[in-house]
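A.B. asks: Here is the input, now give the coordinates:
(2 chains)
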Amino acid sequence: MNDFDYQQLDDIIHSRIRLAVMALLASLDTAEFTYIREKIGATDGNLSIHLKKLEEAEYIAVTKTFVDRKPVTMYTLNKKGRKAFELYVERLEQLLKQSSQVSVKGKK
Amino acid sequence: MSHLEPDTHDFPVNPAEELAFIRRVMQDSRRTAVDNGMNYMFWGVWTALAAIVGYCSSLFHWHLGLYLWAVVISIGWGVSWLLIRQSRRRAGATSLAGNLLVAVWAGCGIASTLVGFVGGTTVLGNGITGVIALITGTGFYISGVLYGSAWLRYYAAFGWWLTGVLMFLFPGIHVMLMLASAMILFQLVPGIILYRQWQREQAA
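C.D. replies: Residues are numbered from 1 along each chain as shown, chains lettered A, B, ... in the order given. Predicted structure coming up:
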């Protein structure tokens, strides 16, 4: 990849809330909906929409269970999601490298 | 982690900021409790008390022997299980490091239980406390790596290994007192430190 095209960033991850969810799940095994909501500070409705989008893209898996008769929704990053997240971070690093090279050239 | 504003699709690409954001989120969630130190504190106090009772039993010929340890270990496993269940529910998330930590201590606990009940009545005799001390030291060494904590790796692990060596070199009924002291110094104290650290992280 020579000229960096920001459009090559994964559109599904490229949103503040979805990126936060992906980063959160990348460092955990599983997380409850309420845990994600508290960490990210999003509203229930807003977070649900973004989680649904990640679920539809098969980036995350959802498990619904009952703990003490209360419904608990658990989220896990699956293989496809982990790969996509790693690629996203890789592309950001490339972009950072290229922008620093441009600024060095500009100074010369 | 600062709370996010309502999502804006196509938010501007600033790679340095975005990478810093990702790093911050990941570090924050990794800290999510690997553990709160409660199990260390419980086992430290519980076993220290049992070791003192065991010492008195040998000294005053109460003949409690294996019965005492059967009760102590059974209750200990039960309380440990409850503490893990409670802390996981409270955390709302599980991490690989947290799962490994539970696995390491479950493995050490099973090995120590077998050494105590099977080894103690067959070939090991009085050497069981020394072997258990070495197993516990190994558990702390691995836990130190999982917590990313050098003091836990060196202070607690080497403390337990040294105690194990001293137990082998100077056998006798007083090893029970050595066990009680090690439980306070190398089990309860690290537990208190980890608990305070966990409280600080929760407050942050």
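A.B. asks: where are the low-confidence patches of the chain?
C.D. replies: Going with chain A. A:1-7, A:102-108 (pLDDT under 70).
A.B. asks: that's the other chain; I wanted chain B
C.D. replies: If you take pLDDT under 70 as the line, chain B has these spans: B:1-13, B:30-34, B:123-125, B:204.
A.B. asks: what helix or strand does the residue nearest to the spatial centre of chain B sit in?
C.D. replies: The residue lying closest to the centre of chain B (CA atoms, centre = their mean) is residue B:40, at 4.4 Å. Using DSSP states H and E, residue B:40 falls within helix B:38-59.
A.B. asks: Other residues contacting that helix?
C.D. replies: With contact meaning CB atoms under 8 Å, 6 or more residues apart in numbering or on different chains, helix B:38-59 is reached by B:62-65, B:68-69, B:72, B:75-76, B:79-80, B:83-84, B:87, B:105, B:173-174, B:176-177, B:179-181, B:183-184, B:187-192, B:194-195. Just so you know, the C-beta spots here come from the backbone N, C-alpha and C atoms, and that holds for glycine as well.
A.B. asks: Provide a ChimeraX selection command restricted to the buried entries of these.
C.D. replies: Entered in ChimeraX, the line below selects the buried ones among the contacts of helix B:38-59, by 16 or more other CB atoms under 10 Å in any protein chain shown:
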select /B:64,68,69,72,76,80,83,84,87,105,176,179,180,183,187,188,189,190,191,194,195
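A.B. asks: among the contacts of helix B:38-59, which are within reach of chain A?
C.D. replies: Counting by CB under 8 Å from any CB of the partner chain, nothing from the contacts of helix B:38-59 sits close to chain A.
A.B. asks: Out of the contacts of helix B:38-59, list just those in helices.
C.D. replies: B:65, B:68-69, B:72, B:75-76, B:79-80, B:83-84, B:87, B:105, B:176-177, B:179-181, B:183, B:189-192, B:194-195 (DSSP state H).
A.B. asks: could you pull out the helices for chain A?
C.D. replies: Under DSSP H, chain A gives helices at A:16-26, A:33-40, A:44-56, A:79-107.
A.B. asks: if you compare the ones you listed, which one is most tucked away?
C.D. replies: Comparing the helices of chain A on average neighbours per residue, with mean count of other CB atoms under 10 Å in any protein chain shown, the densest one is helix A:16-26 at a mean of 24.
A.B. asks: re the thing from before, which residues are in contact with the closest residue to the residue nearest to the centre of chain B other than its chain neighbours?
C.D. replies: Counting by CB to CB, 6 or more residues apart in numbering or on different chains, residue B:40 lies nearest to residue B:191, which is 3.0 Å off, once chain neighbours are set aside. If you count contacts by CB under 8 Å, 6+ apart, residue B:191 has them with B:37-44.
A.B. asks: just residue B:111 next, same as before
C.D. replies: residue B:135.
A.B. asks: With just CA atoms, put the strand or helix carrying it into PDB.
C.D. replies: Assigned by DSSP H and E, residue B:111 belongs to helix B:96-114. Provided in PDB are the C-alpha atoms of helix B:96-114 (Å, rounded to 0.1, in the frame of the first residue of the first chain):
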ATOM      1  CA  LEU B  96      -7.600 -14.400  29.800                       C
ATOM      2  CA  ALA B  97      -5.200 -13.400  32.700                       C
ATOM      3  CA  GLY B  98      -8.100 -13.800  35.200                       C
ATOM      4  CA  ASN B  99      -9.000 -17.200  33.900                       C
ATOM      5  CA  LEU B 100      -5.300 -18.300  33.900                       C
ATOM      6  CA  LEU B 101      -5.000 -17.100  37.500                       C
ATOM      7  CA  VAL B 102      -8.000 -19.200  38.600                       C
ATOM      8  CA  ALA B 103      -6.500 -22.200  36.700                       C
ATOM      9  CA  VAL B 104      -3.100 -21.800  38.300                       C
ATOM     10  CA  TRP B 105      -4.400 -21.600  41.800                       C
ATOM     11  CA  ALA B 106      -6.900 -24.400  41.200                       C
ATOM     12  CA  GLY B 107      -4.000 -26.600  40.000                       C
ATOM     13  CA  CYS B 108      -1.800 -25.600  43.000                       C
ATOM     14  CA  GLY B 109      -4.700 -26.300  45.300                       C
ATOM     15  CA  ILE B 110      -5.400 -29.700  43.900                       C
ATOM     16  CA  ALA B 111      -1.700 -30.600  44.000                       C
ATOM     17  CA  SER B 112      -1.400 -29.400  47.600                       C
ATOM     18  CA  THR B 113      -4.600 -31.300  48.600                       C
ATOM     19  CA  LEU B 114      -3.200 -34.500  47.100                       C
END
